[in-house]
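J.: Got a sequence here, can you build the structure:
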Amino acid sequence: MGKNMRIRLRNLKFEDYISLRESMMKAYPDMENAIWREDHIRRLLELFPEGQLCVTVNGRVVAAALSIIVDYDLFGDEHNYRQITGNYTFSTHDAEGDVLYGIDVFVHPEYRGLRLGRRLYEARKELCERLNLKSIVAGGRIPNYAKYADKLKPREYIEKVRLKEIYDPTLSFQLSNDFHVLKVMRGYLEGDTSSLEYATLIEWNNIYYDQRPKIAGRANDVVRLGLVQWQMRPFRGLQSLYDQVEFFVDAVSSYKADFCLFPELFNAPLLAEFNDQDEARAMRSLAKYTERLRDKFVDFAISYNVNIITGSMPWIDGDHLKNVGYLCRRDGTWEKFEKVHITPNEVQYWGMLGGDEVRVFDTDCGKVGALICYDVEFPELARLMALQGMQILFVPFLTDTQNGYMRVRRCAQARAIENECYVAIAGSVGNLPKVENMDIQFAQSAVFTPSDFAFPTNGVKSEATPNTEMTLIVDVDRDLLKELNAHGAVRNLRDRRTDLYGLELRKGPLKERGNGQRKRKEKGQAPMSRSGRSTG
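T.: Numbering: from 1, shown residues only. Down below sits the predicted model:
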């Protein structure tokens, strides 16, 4: 499903009404009174444009969340849908109110497997926090209740849903998103026959309420990283590997991570399938799974709302075997990165060739880069990325001995200091006794920082337990990097002697002089784009 799919969360616009209505009709096939008219949507956008959210797939609205702000004391817990919406005029909206009231959330049935509802709920929570509102309140339908009404009272039904003994498509979802039930409401929504017009009054509390409000429109500069310290183990087949990958993506996503990083050649256990071949042919055979794995990662990035750095996998480029990885964004797009420097071992056993691409990627959490294992031991690559604005460097690695691991670790720490960035490294542990040239692994995944007063004294933000399968969840603050660059005790990027030396990339997406941006700005010329062409 992830192929050719561009997913975007944004504010609703009036021009979206046609596709909005089509999705509403699919979402509410038996409730004609649930379809909002054009004048309803126009009024909501006039009153409270920030509160009207939607998710588009390739430009078409497939999910939406509509809301208003109310002075909750005027209504209390005893109200119905018609009253809270001012008889559908939304005259009850009060910009000075204290509660964000959800008046609708729906997802087109064909897109319900992508967890788009969760994205909308998370966006609502962020809006509630940003506006310093006390809570989110809504009247929630219980559409499966009619099936149990002859056996259970509404309160009993709700309790069984809470205990997961009964599944309700609306209430189960709301409870899983940290809402709690305040009370049962009778006669809430006219015509809701599947709920027998009962509803749950649900609430999510803003724990930051009454604290200093956030600046409206400001992006969150704290980025949460999720690192997977992967256990090498035999897999029965590709589906078994998919299941293990999804397990970790789900685990990292549950902590609301922005990125999930896998190790280099994490799919090596599948080499066991090709034990009848020599090492070079086996690695080329393994490459046949790479595009399928990439597409699965794209699906997971969308479904779990997390940007994924896939680690690396073998890839056939013409006649050449390369070691590549992918950035799979949560909006459905993806890009490839290549291992540039190939170790003697990789050449001897697998016949690998180094790539020519040194890339910086734009994400919803700023600019990031990725270097595969050995590449981090070459300072030029990370410096080229830093000169293009890279703030977080991801390093998937695979090392079999402690001294090999220490080379990666020490160099990664150096890259963090000299480029004023965060560096996240993730590796594999365990053993594969039946896979040639892939028997044992050593790893201690970690996140490194620059070394200055705002950061840990040892430059280690956090690190995993050595040689243990686990995840590492770490928050990094991009604002601290800006402070370091401008006011740090030392300023490694600003203090370079570009009058004395320079750095040149001779081919690839970042082809330009390492100090080209600065020179052009000093001369009043247009800055260079990543492709090397001047931009206006």
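
J.: in what helix or strand does the residue lying farthest from the centre of the chain lie?
T.: In the chain, residue 150 marks the outermost C-alpha relative to the chain mean, sitting 43.5 Å out by CA atoms, centre = their mean. Using DSSP states H and E, residue 150 sits in no helix or strand.

J.: Check the one 10 residues further on too.
T.: Taking DSSP H and E as the definition, residue 160 sits inside helix 154-162.

J.: can you pull the buried residues of that helix?
T.: Buried positions in helix 154-162, judged by neighbour count with 16 or more other CB atoms under 10 Å: 154, 157-158, 161. For glycine as for every other residue, the C-beta is placed from the backbone atoms N, C-alpha and C.

J.: which residues of the stretch 301-450 of the chain fall in strands?
T.: With strands called from DSSP state E, counting those that start in this stretch, the stretch 301-450 of the chain shows them at 307-309, 313-317, 320-328, 334-338, 360-363, 366-370, 392-396, 422-426, 428-431, 440-441, 446-448.

J.: Please apply the same query to the stretch 151-300 of the chain.
T.: Counting by DSSP E, counting those that start in this stretch, the strands of the stretch 151-300 of the chain are 180-186, 198-205, 222-232, 259-261.

J.: Can you name the residues that contact the closest residue to residue 155 other than its chain neighbours?
T.: Spatial nearest neighbour of residue 155, chain neighbours left out: residue 184 (5.8 Å); criterion: CB to CB, 6 or more residues apart in numbering. Residue 184 makes contact with 154-155, 158, 198-201, according to CB atoms under 8 Å, 6 or more residues apart in numbering.

J.: can you pull the contacts of residue 309?
T.: Residue 309 touches 259-262, 325-328, 370, 394, 396, counting by CB under 8 Å, 6+ apart.

J.: give me that answer again for 6 Å
T.: 261, 327, 370, 394 (CB atoms under 6 Å, 6 or more residues apart in numbering).

J.: same thing with residue 45?
T.: Residue 45 makes contact with 14, 52, according to CB under 6 Å, 6+ apart.

J.: re the thing from before, select, out of the strands of the stretch 151-300 of the chain, the one closest to residue 58.
T.: Set against residue 58 and scored by CB to CB, the strands of the stretch 151-300 of the chain come closest in strand 259-261, at 24.2 Å.

J.: hmm, back to that, ok, now how distant is the residue nearest to residue 155 from residue 99?
T.: 19 Å (CB to CB, to the nearest Å).

J.: And residue 41, by the same measure?
T.: Using CB to CB, residue 41 is found at 22 Å from residue 99.

J.: Could you do residue 221 as well?
T.: For residue 221, the distance to residue 99 - CB to CB - is 28 Å.

J.: the more surrounded of these two?
T.: Neighbours per residue, other CB atoms under 10 Å: of residue 221 and residue 99, the larger number sits with residue 99, 22 against 15.

J.: now that one, nearest residue through space, not along the chain?
T.: In space, residue 99 is closest to residue 72, 4.2 Å off (CB to CB, 6+ apart).

J.: what's the answer for residue 107, then?
T.: Here the residue nearest residue 107, using CB to CB, 6+ apart, is residue 63, at 4.2 Å.

J.: Read off the pLDDT value for the residue farthest from the centre of the chain.
T.: pLDDT recorded at residue 150 is 94.

J.: burial of the closest residue to residue 228 other than its chain neighbours, as a residue count?
T.: Leaving aside its chain neighbours, residue 228 sits nearest to residue 248 (4.7 Å; criterion: CB to CB, 6+ apart). Residues lying near residue 248 (other CB under 10 Å) number 22.
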